[in-house]
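J.: With the sequence up front, the predicted model follows.
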Amino acid sequence: MLSIRNLHASYGMSDVLFGVDLDVGEGEVVALLGRNGMGKTTTVMSTLGLMPSRGEVRLAGKRIDVLQPFRIARAGIGLVPEGRRIFPNLTVKENLVATAENRRGASNPWTLATVIELFPRLGERLGNQGNRLSGGEQQMVAIARALMTNPQVLILDEATEGLAPLIRLEIWQCLRRLKSLGQSILVIDKNLGNLLEVADRHCVLEKGRVVWTGTSAALKADPDAQHRYLGV
Ligand SMILES: Nc1ncnc2c1ncn2[C@@H]1O[C@H](COP(=O)(O)OP(=O)(O)OP(=O)(O)O)[C@@H](O)[C@H]1O
């Protein structure tokens, strides 16, 4: 579904990614792992055309690295960004409908009604402004907003960062539900235990290079790699 080849990126003179290859198959959940500063967010930003980069990025077989950033998003990538970035002065409902679309004509598209079914709490908060929500509620809005673009691939950068334990559980449960519905997902998070349980495959970055890829079972069975690359 999403295929990234030989991705290079830099901030000014400083090179940060050195030929990253990454695949998310249809209906697959892939975790992008690595310690702080290894290039995870940069990979996401480059994939979305939000920073200068080079390499080949395909979505459902079509080159998207040649497109303008807003067209990349419209091509079918839904981003839940680090820090959520919901519109603070819009209500929950306005946040959700602002970018909603079903461009590819999904037969069972996400709508306001179905995202509220996924996150009932949002149904009670529809009229609240974004800046009056808890961190967990903001993350639910960010996920629901991305889903309402009916993306081919959903990308979550720091899926549960800074959230209360119970809300984290809800977010992991939501990801399991999305997986069961066949949603392709690329997820970044610090909680390896949850990622091992939810993700099908893992891709580990170290200093802007992919140093390990494999299934959850393979990563579980490789404490050496966990220790070396993730400091576990
Ligand atoms: N705006 C920036 N300007 C210059 N260098 C940056 C900038 N953002 C990130 N970097 C550098 O790029 C490298 C990769 O950062 P990136 O944010 O992609 O890492 P990450 O794996 O997502 O880490 P984290 O878990 O801390 O978010 C780091 O060395 C970081 O210092």
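T.: Thanks, I have the structure now. Quick caveat: nothing in here was measured; it's all calculated off a predicted structure.
J.: so what's residue 198 up against?
T.: Going by C-beta atoms under 8 Å, 6 or more residues apart in numbering, residue 198 touches 29, 31, 172, 175, 176, 179, 187. Using the backbone N, CA and C atoms, a C-beta is placed for each residue, glycine as well.
J.: repeat that for 6 Å
T.: By C-beta atoms under 6 Å, 6 or more residues apart in numbering, the contact list for residue 198 reads 29, 175, 176.
J.: how far away is it from residue 68?
T.: 32 Å (C-beta to C-beta, to the nearest Å).
J.: How about the residues of the chain by the ligand?
T.: Proximity of the chain to the ligand (C-beta under 6 Å from any ligand atom) is limited to residues 11, 14, 16, 34, 36, 37, 38, 39, 40, 41, 42.
J.: Mind checking which of those are buried?
T.: Buried members of the residues of the chain next to the ligand, counted by 16 or more other C-beta atoms under 10 Å: 16, 34, 38, 39, 40, 41, 42.
J.: mind listing which of the residues of the chain next to the ligand are in helices?
T.: Using DSSP state H, the subset of the residues of the chain next to the ligand located in helices is 40, 41, 42.
J.: so which of these comes closest to residue 115?
T.: Among these, residue 41 lies closest to residue 115 (C-beta to C-beta), at 25.0 Å.
J.: quick one: contacts for that closest one?
T.: The neighbours of residue 41, taking C-beta under 6 Å, 6+ apart as the test, are 82, 157.
J.: Next: residue 18.
T.: 208, 209.
J.: Repeat the analysis, applying 10 Å as the threshold.
T.: 6, 7, 8, 9, 10, 39, 207, 208, 209, 210 (C-beta atoms under 10 Å, 6 or more residues apart in numbering).
J.: still on that earlier bit, which one among the residues of the chain next to the ligand gets closest to residue 164?
T.: Using C-beta to C-beta, those come closest to residue 164 at residue 36, 21.9 Å.
J.: What are the boundaries of the strands in the protein?
T.: Assigned by DSSP state E, the chain shows strands spanning 2-11, 14-24, 29-33, 53-59, 62-63, 77-80, 153-156, 184-187, 201-206, 209-215.
J.: Go ahead and name everything in contact with the last one.
T.: Think strand 209-215. Residues from elsewhere that reach strand 209-215, judged by C-beta under 10 Å, 6+ apart: 4, 7, 17-23, 30, 32-34, 38-39, 43, 196, 199-206, 218-222, 225-226, 228-230.
J.: can we see that at 7 Å?
T.: Contacts with strand 209-215, where a contact means C-beta atoms under 7 Å, 6 or more residues apart in numbering, come from 18, 19, 20, 21, 200, 201, 202, 203, 204, 225, 229.
J.: ok, the nearest residue to residue 94 once chain neighbours are set aside to residue 97 distance?
T.: Using C-beta to C-beta, 6 or more residues apart in numbering and skipping the chain neighbours, the partner closest in space to residue 94 is residue 87 (7.2 Å). Distance of residue 87 to residue 97, given as C-beta to C-beta: 11 Å.
J.: can you list residues touching both of those two?
T.: Residues touching both residue 87 and residue 97 by C-beta under 7 Å, 6+ apart: none at all.
J.: So for the lowest-mean-pLDDT helix or strand in the chain, what gets flagged as buried?
T.: One helix or strand of the chain scores below all others by mean pLDDT, DSSP states H and E: helix 69-76, with a mean of 90. Of all the residues in helix 69-76, those buried under the rule 16+ other C-beta under 10 Å are 72, 73, 74, 75, 76.
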